[in-house]
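>>> predicted model, plus sequence, below.
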Amino acid sequence: MCSTNITAMSSRRYPLADDLTEEDTGTERMLKEEKVLLRPSVRRALRAASCTASVYEEKPKLWTDTHQGHLIHCARLTASSVLDGTSAFWNRLPDLEKLEVEDGKDLMKALTKRFNGMAKLEYLSIAWTPMRTPPAACLRQTLKTLVLRQNDLRSLNGIEGLGSLEELDASSNQIAALPKSIGNLRCLRTLVVCGNRLKALPESVGRLENLETLNAASNRLTQLPDALTGLERLRDLDVSSNHLERLPEDFGRLTKLVDFRASGNQLTCLPESFAHLKNLVSLLIGNNRLLFVPMVLGALERLEILNLRENHISTVECALSSVRSLVLDANRLPSICSGIYLCANLEVLSVERNSIKTIPVEIGDMKRLRSLQLSGNPLSDVTPEVIRALEERGVKVRLQPTTKQRRIREDESESAAAAAAKQEEAGEAEDRTMTHFPDQAVIASVEVAESSPEKRDEAKPEDQPLNAGSETTSPAAKSDDGEKQSDPTSSKSESDSGRNAVASSSSSVDCPEKSIPNSGPLATKL
């Protein structure tokens, strides 16, 4: 394993006081030179790969912090060696009020024997361990905050007895179900169980009367319990990335709700009671199956952030008068709908990757608009005056074309360039022919004009010998054989004359550097 990889996988770097010795080789020497302190999970992986990773272990970190106006003693442990009776850290355990543990089961085994001496412990964090259930010795009645994230937990059995617990974080584990007695945690204000394997929330969740934050994102929930609507103090609710098809009909009873996130589900509509969420400020319900912007949203007077991206919305009809940021990316909008112009306080409008072809002039009436994002639309009729007017007001307009449009334009440009190059090459070739072989082109055209159809159909000159002129005679000569035989001198003269004419013509064609004769019918026509 190279040093750069191990450095990237480490959680922190610390200077090491010990020097290298002659016995240090391989991974140990490299770790010391790089001054790398590995995360416990990385150390376990290295041990499994037969690498020596137990070179230096982090010493316990001790510090003091301020909580609710008074100092508390804090510690972070990653080594079990500090828990033996001879360690200087041993005397600090009874005074600890906050303890963070990051290590494997060896440390947890040693630590569970020492919890009885921690009478003041209120904050406990255990992370990066292979434990499957919380150790009973760790679940002390004095705990107010329990963090069990990034472990291998399969259940939370035993936590129902923590009557003073206010915050519980069990995210990123393998929990399939919450205990039915979780409703006994009457002091609980924050419950984080995201990143698990939950298929449902127990009805007893409705008894958490002081609960303000519930995060159950990235699970396998198919519905929310009706008892959830009885959490009158709930302010933040996150159920993103689940399999929800609907919300409880009495969802509007959560009147204190400020932030609601339900992206990545299968919602097709919102219940009518949703209009009673008068304190809702942020609503994120992207990546669902909504066909239109729910009309109940028009009744939310404090709604400022609305994200409806990746749905099937084709129109916006309700007036969202209080919305300041509206995201409708990756929907089916054919245009910037008239309902958007009714958003009097809108500052950010994002309608990327829709089917919008033009930017209407009415967009200029939105006086508070500061950002308009139109990238990924097939814009074909854009008025420059509208864009210029928006930019003069300080509106940032984004008009990047889609990838498909860019490819089409690139292909068209390449085709046009190739056609132009081919045409230019053909013109240059014709110019070269006229420059170097002018006589050949002109003579060929003249011969075709002079010859009769019958003569063009006869054998080509290149197929006959040069002395074939003696055999070429007029039709009259062919019909009068007797005259030919009676005047051999005349026949010989005509034959010599024909041979000279053919030789002269052939010489003019085969040798373009020779000049054309200045007399005769050919010269006259040229």
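Thanks, I have the structure now.
>>> which residues of the stretch 251-400 of the chain score low on pLDDT?
Scanning the stretch 251-400 of the chain for pLDDT under 70 picks out no residues.
>>> just the chain next, same as before
Using pLDDT under 70, the chain drops low at 1-58, 79-88, 90, 103-106, 401-411, 430-526.
>>> mind jotting down where the helices sit in it?
3-9, 26-34, 40-48, 105-112, 338-341, 384-392, 403-436, 438-450, 453-457, 475-479, 481-486, 488-510, 521-525 (DSSP state H).
>>> mind listing what the nearest residue to residue 268 once chain neighbours are set aside touches?
Excluding the flanking residues, the one nearest residue 268 by Cβ to Cβ, 6 or more residues apart in numbering is residue 289, at 4.8 Å. C-beta: built from backbone N, CA, C; applies to glycine. By Cβ atoms under 8 Å, 6 or more residues apart in numbering, the residues touching residue 289 are 266-268, 311-312.
>>> ok, the residues you listed vs residue 224, which is closest?
residue 267 (11.3 Å; Cβ to Cβ).
>>> the closest one against residue 294, yeah?
No: at 9.7 Å, residue 267 does not count as touching residue 294 under the criterion of Cβ atoms under 8 Å.
>>> from residue 353, how far off is the residue nearest to residue 268?
The spacing between residue 289 and residue 353, counted by Cβ to Cβ, to the nearest Å, is 17 Å.
>>> and what of residue 215?
Separation of residue 215 from residue 353 (Cβ to Cβ): 29 Å.
>>> and residue 64, by the same measure?
Using Cβ to Cβ, residue 64 is found at 52 Å from residue 353.
>>> these two: which is more packed in?
Legend: neighbour count by other Cβ atoms under 10 Å for residue 64 and residue 353, higher for residue 353 (19 against 10).
>>> skipping its backbone neighbours, what lies nearest that one in space?
residue 376 (3.8 Å).
>>> I'd guessed the one you found sits against residue 355; true?
No: at 10.1 Å, residue 376 and residue 355 do not qualify as touching, with contact defined as Cβ under 8 Å.
>>> the two - which one has more neighbours?
residue 376 (21 against 13).
>>> and that one, backbone torsions?
Backbone torsions of residue 376, given as degrees, to the nearest 10, read phi 80, psi 20.
>>> show me where the stretch 101-250 of the chain has strands.
Taking DSSP state E, counting those that start in this stretch, the strands of the stretch 101-250 of the chain run over residues 123-127, 145-147, 167-169, 190-192, 213-215, 236-238.
>>> now tabulate those in CSV and tack on mean neighbour count and distance to residue 341.
Shown next, in CSV, are these (neighbours: other Cβ atoms under 10 Å; distance: least, Cβ to Cβ, whole Å):
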stretch, mean neighbour count, distance to residue 341
strand 123-127, 20, 50
strand 145-147, 19, 48
strand 167-169, 19, 44
strand 190-192, 20, 40
strand 213-215, 20, 36
strand 236-238, 20, 31
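>>> follow-up on the earlier one: check the gap between the residue nearest to residue 268 and residue 321 for me.
26 Å.
>>> with residue 244 instead?
For residue 244 relative to residue 321 (Cβ to Cβ), the value is 28 Å.
>>> neighbour count winner among those two?
Neighbour totals were compared for residue 244 and residue 321, and residue 244 leads with 18 against 14 (other Cβ under 10 Å).
>>> give the contact list for that one.
By Cβ under 8 Å, 6+ apart, the contact set of residue 244 is 221-224, 262, 265-267.
>>> format those residues as a markdown table; extra columns: distance to residue 424 and neighbour count.
Formatted as a markdown table, those follow (distance: Cβ to Cβ, whole Å; neighbours: other Cβ atoms under 10 Å):
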| residue | distance to residue 424 | neighbour count |
| --- | --- | --- |
| 221 | 66 | 19 |
| 222 | 67 | 14 |
| 223 | 69 | 15 |
| 224 | 70 | 22 |
| 262 | 61 | 23 |
| 265 | 59 | 22 |
| 266 | 59 | 13 |
| 267 | 60 | 19 |
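>>> which of those residues sits closest to residue 348?
Nearest member of the contacts of residue 244 to residue 348, counting by Cβ to Cβ, is residue 262, at 20.9 Å.
>>> in contact with the closest one, which residues?
Contacts of residue 262 by Cβ under 8 Å, 6+ apart are 239-240, 244, 247, 284-285, 288.
>>> what's the closest of the residues you listed to residue 391?
Nearest to residue 391 among the contacts of residue 262, with distances taken as Cβ to Cβ, is residue 284, at 29.6 Å.
>>> number of nearby residues for that closest one?
Residue 284, neighbours per other Cβ under 10 Å, totals 19.
>>> now the one 3 residues further on
Counted with other Cβ under 10 Å, the neighbours of residue 287 add up to 20.
>>> got a list of what the closest residue to it other than its chain neighbours touches?
Distances taken as Cβ to Cβ, 6+ apart place residue 310 nearest to residue 287, at 4.2 Å, with adjacent residues excluded. With Cβ under 8 Å, 6+ apart as the criterion, the residues that contact residue 310 are 286-288, 329-331.
>>> most surrounded residue in those?
For the contacts of residue 310, the largest neighbour count, defined by other Cβ under 10 Å, is 25 neighbours, found at residue 331.
>>> hang on, isn't that residue packed against residue 313?
Yes: assessed by Cβ under 8 Å, residue 331 is found in contact with residue 313 at 4.2 Å.
>>> picking that back up, for residue 346, find the nearest of the strands of the stretch 101-250 of the chain.
strand 236-238 (24.5 Å).
>>> return the list of helices and strands in contact with the closest one.
For strand 236-238, the contact count by 3 or more Cβ pairs under 8 Å, 6 or more residues apart in numbering; DSSP states H and E identifies strand 213-215, strand 259-261 as packing neighbours.
>>> now these as JSON lines including distance to residue 395?
As requested, those are arranged in JSON lines below (distance: least, Cβ to Cβ, whole Å):
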{"stretch": "strand 213-215", "distance to residue 395": "36"}
{"stretch": "strand 259-261", "distance to residue 395": "28"}
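>>> out of those, the one nearest residue 184 is which?
That would be strand 213-215 among the helices and strands packed on strand 236-238, by Cβ to Cβ, at 16.5 Å.
>>> strand partners of the closest one, parallel vs antiparallel please.
With DSSP bridges as the test, strand 213-215 is paired with strand 190-192 (parallel), strand 236-238 (parallel).
>>> and for the last one, what are the contacting residues?
Taking Cβ under 8 Å, 6+ apart as the criterion, the residues outside strand 236-238 that touch it are 194, 212-217, 254, 257-261.
>>> now with 6 Å, please.
The contact list for strand 236-238 (Cβ atoms under 6 Å, 6 or more residues apart in numbering) reads 213-215, 217, 259-261.
>>> for stretch 314-330, same thing?
With Cβ under 6 Å, 6+ apart, stretch 314-330 has contacts from 292-293, 295, 298, 301, 303-310, 332, 337, 339-340, 342-353.
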